[in-house]
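Asker: Sequence and predicted structure, then a few things I'm wondering about:
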Amino acid sequence: MSRKRPPTRRKKRPGKRQQERDARMLGLLVAAGVVVMVIRWLAAHWWVVVLALAAVAAAGWLYTRRQQLRWEAVRAQGLRYQLLELDGLHHARFEGAIRELMRRDGCTNAVRIGGGGDLGADVKATDPYGRRWVIQCKHRRNGLAGSPVGTPVGAGSGVAV
């Protein structure tokens, strides 16, 4: 007599939701493994992190510097003074305005030196052609009706700059 085999139970296949959960879990495990490997590699090669940070800092500095130069160029293009504006300035601001006008016109190293003991040199600059400029600023109180301020022009002549 033949024996009947008991019916075998079919194993239930996981449903779609379970497969999706398993796939997500596998993805998370792989990502975690990659992160751990990267961290270990960076710990062994710390200089790469230092170089990357230095590159980011240098790029930031270059970007900021480029923005500053653009702003200076825009500001210099718009730098204009009316005579009445210049006439109304305090003597120190007048010297500063002359320095700014020299910078606008291409003297990148224009400096205001005015003050006590300046020997008549209020602004010094070098123009784009390499010529040295030593400017003595004279300003009259009350415009043309007023008297000159300070020493006459030429009092500081012969000064080596």
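Answerer: That came through, no problem.
Asker: Give me the three-state assignment for G116.
Answerer: Look at G116: counting by DSSP: H, G, I helix; E, B strand; the rest coil, its state is coil.
Asker: how close does it sit to A31?
Answerer: 70 Å (CB to CB, to the nearest Å). C-beta coordinates here come from the backbone N, C-alpha and C atoms, glycine included.
Asker: more crowded one of these two?
Answerer: Legend: neighbour count by other CB atoms under 10 Å for G116 and A31, higher for A31 (10 against 4).
Asker: Next one, pLDDT for that one please.
Answerer: Predicted confidence (pLDDT) for A31: 95.
Asker: domain assignment for this protein?
Answerer: 18-76, 82-145 (automatic domain parsing).
Asker: what's the span of the first one from first residue to last?
Answerer: What that stands for is domain 18-76. Domain 18-76 has an end-to-end distance of 68 Å (criterion: CA to CA, to the nearest Å).
Asker: and what of stretch 118-132?
Answerer: First-to-last residue span, stretch 118-132, CA to CA: 17 Å.
Asker: Pretty sure R9 sits in a strand.
Answerer: No: according to three-state DSSP, the state of R9 is coil, so it is not within a strand.
Asker: Could you report the separation of it from F94?
Answerer: 102 Å.
Asker: out of the two, which sits in the busier spot?
Answerer: F94 (20 against 6).
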